[in-house]
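J.: need a 3D model of the sequence below.
(chains A and B)
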There are 2 protein chains.
Amino acid sequence: MAGEFELIARHFTRAGRPAAPGVVLGVGDDCALLAPAPGQQLAVSTDVLVEGRHFLSTVAPERLGHKALAVNLSDLAACGAAPLAFTLSLSLPRGDDAFAEGLARGLFALADAHGIALVGGDTTAGPLTIGITVLGQVPPGQALLRSGARAGDRLWVSGRLGDARLALEVFRGRVALPGEDFEAVRRAMELPQPRVALGLALRGVATAAIDLSDGLVGDLGHVLARSGVGATVAVDRIPRSPILAAQAPSLQHTCVLAGGDDYELLFTAPAAQDEAVRAAGARAGVAVAPIGHIEAEPGLRLVDDAGRPVAFAERGFDHFA
Amino acid sequence: MAGEFELIARHFTRAGRPAAPGVVLGVGDDCALLAPAPGQQLAVSTDVLVEGRHFLSTVAPERLGHKALAVNLSDLAACGAAPLAFTLSLSLPRGDDAFAEGLARGLFALADAHGIALVGGDTTAGPLTIGITVLGQVPPGQALLRSGARAGDRLWVSGRLGDARLALEVFRGRVALPGEDFEAVRRAMELPQPRVALGLALRGVATAAIDLSDGLVGDLGHVLARSGVGATVAVDRIPRSPILAAQAPSLQHTCVLAGGDDYELLFTAPAAQDEAVRAAGARAGVAVAPIGHIEAEPGLRLVDDAGRPVAFAERGFDHFA
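T.: Numbering: from 1, shown residues only, chains lettered A, B, ... in the order given. Alright, predicted model coming up:
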């Protein structure tokens, strides 16, 4: 690599740091070597963030570094897997050393918070693109899959939905918010918190799970299709922030049903597990709310608090739209 | 994803195929699930190929698909790891369906040859970039590392070096070759064969190994630095094709010493293991040749067949040069 570019790449090398648990050999050889705990299965997921498509150029580099790893950890959370390590494929415009430094800071702060190490990577010059493959571990048979939802299960969601989409609408100039409110929803968009602890706490409790990246309607659709079931969702019960709750009803519906970038967990559990679900949320320090139930009849039915159908034509959030 | 782009992404989805060994759950959930063999360590490596930097736009898509996976498998080979699975992060210019189809064909042909499955991926629109993370397994303590070379070890290389660089020189217009010869060296550049079987056969035999991606001088330098040793290399003994051997001596030196893109294995073994090394090569079906030896004195000394110093100023192949 050329000198200048090598300097940039060094922000992503942390030689001499104590290895994370499970890492036998880190960056620096042809391969890294990991030792998962005995008998565990390995969970693998890959996500790429491309500037202008998955994030706006207005995002601070440190927040971008956080988000790039967060969306991958969110996939592990949705499987109930414990994070183990990650690799990074970074394409950076040449020469922007301050940007790379900020990106690395945000990335490693979240990695450290989850006790995982960067075990491989590749840095090239090019349009800003951040590709991460994350590895986790889960005992055989305990992974939370999209296919496990059963008729009669209750449908739950963690946290609050829709603020990230509301922030996007502000950036698009379609909504105006007071500065403080804008900063709050912008944080939701730029600093999502992967629900890893909740995913772990839901092992043996939830029957199915998915993380919300493309909007509730679209992502729930994946669970219903994989599980061969249908669902009714009480739209008014979907948790949202006071800021979003103050917006027009149609905008609220767009944001909570097809928002995208929520990175909360949507999951199902038998009604007999209500207490266990609430205990899991408490243990993980995140609110969980029942928003509907799974039914044998295929399809998704949206209803209001009085049980009347709610019309909603949008599909999931489309990064390419 | 948009409709047209989704169609392209489907070339990289092979739902319903029998899962590869070790794959519990393939593409389609939040994570894939792998079950490495009991007690094995996991080897992980990541490489990204960017158009114009790591490959020329003249390469056929099928060959590009092959090469993108081959350079990653080559890292597993260098560690003596058995391939297990891989993930793909693909950035493709919008709409080029035929290109995507060819790329997928080349990629999966090599994956099938090694019995491994694609277990995760992400396809985005953008400048052509292929990022792969490959996972393999190796028994604890048996991985071949760069750090294991010891004074007195013999230095070996597999296959023939320099043809890929010779092809690049033809593309650059600096060398002219007859059509048949050009096709032969072009194959070396575009269809490298990862030495996975050799890497496995060298477990317990070789003391150190690396795959040659940036040229012998540069890559050997990594082994010497990590192992805290030096080496003498008999330049005339570095195997090369009759096509390269017919070129001017200075071009031959450039190609075999700083060629880049060889994807052969460079490795060390005690002289007492000469027979075992040759047997490993025979078992793997690839030629192995002794080209020098490891010494306690730091530094790299290049000599000719009469033992006289060979002057060579170039460093490794620089993709950014």
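
J.: only C-alpha atoms for contact and neighbour calcs from this point on.
T.: Noted.

J.: quick one: residues in contact with stretch A:287-303.
T.: Stretch A:287-303 is contacted from outside by A:149-159, A:221, A:224, A:228-235, A:237-239, A:268, A:277-278, A:281, A:309-312, using CA atoms under 8 Å, 6 or more residues apart in numbering or on different chains.

J.: now do stretch A:156-168
T.: So stretch A:156-168 is contacted by A:175, A:182, A:185-190, A:238-241, A:244, A:252, A:254-257, A:259-262, A:264-269, A:281, A:286-292 (CA under 8 Å, 6+ apart).

J.: give the buried residues for it.
T.: The neighbour-count check on stretch A:156-168 (16 or more other CA atoms under 10 Å in any protein chain shown) flags A:156-168 as buried.

J.: re the thing from before, mind checking which of the contacts of stretch A:287-303 are in strands?
T.: A:154-158, A:230-234, A:268 (DSSP state E).

J.: can you pull the contacts of residue A:149?
T.: With CA under 8 Å, 6+ apart, residue A:149 has these contacts: A:207-208, A:223-224, A:227, A:229, A:268-269, A:294.

J.: closest to chain B among these?
T.: Closest approach to chain B among the contacts of residue A:149 (CA to the nearest CA): residue A:223, at 9.2 Å.

J.: who's in contact with the closest residue in space to that closest one that isn't next to it in sequence?
T.: With CA to CA, 6 or more residues apart in numbering or on different chains as the criterion, residue A:223 has its nearest non-adjacent residue at 4.8 Å, and that residue is residue A:146. Counting by CA under 8 Å, 6+ apart, residue A:146 makes contact with A:208-210, A:222-223, A:226-227, B:29-30.

J.: residues near residue A:205, how many?
T.: Neighbourhood size, residue A:205 [other CA atoms under 10 Å in any protein chain shown]: 22.

J.: verify the stated contact: it with residue A:276.
T.: Yes. Using CA atoms under 8 Å, residue A:205 is in contact with residue A:276, at 6.7 Å.

J.: where do the strands sit along chain A?
T.: Remark: strands assigned in chain A by DSSP E are A:23-25, A:32-34, A:41-50, A:82-92, A:117-125, A:129-138, A:154-158, A:208-211, A:230-234, A:265-269, A:288-295, A:299-303.

J.: contact partners of the longest one?
T.: Put plainly, it is strand A:82-92. A:21-23, A:36, A:73, A:76, A:100, A:114-138, A:196, A:200, B:45-48, B:131, B:133.

J.: name the strands paired with that strand and say parallel or antiparallel.
T.: The strands that strand A:82-92 pairs with in its sheet are strand A:117-125 (parallel), strand A:129-138 (antiparallel) (by DSSP bridges).

J.: please identify the most buried of the ones you listed.
T.: strand A:129-138 (a mean of 26; mean count of other CA atoms under 10 Å in any protein chain shown).

J.: what angle separates that strand from strand A:41-50?
T.: Relative orientation of strand A:129-138 and strand A:41-50, computed by axes from the mean of the first three to the mean of the last three CA atoms, to 10 degrees: 160 degrees.

J.: strand A:129-138: how far from the chain's middle?
T.: A distance of 12 Å separates the C-alpha centroid of strand A:129-138 from that of its chain, computed with CA atoms, centre = their mean, to the nearest Å.
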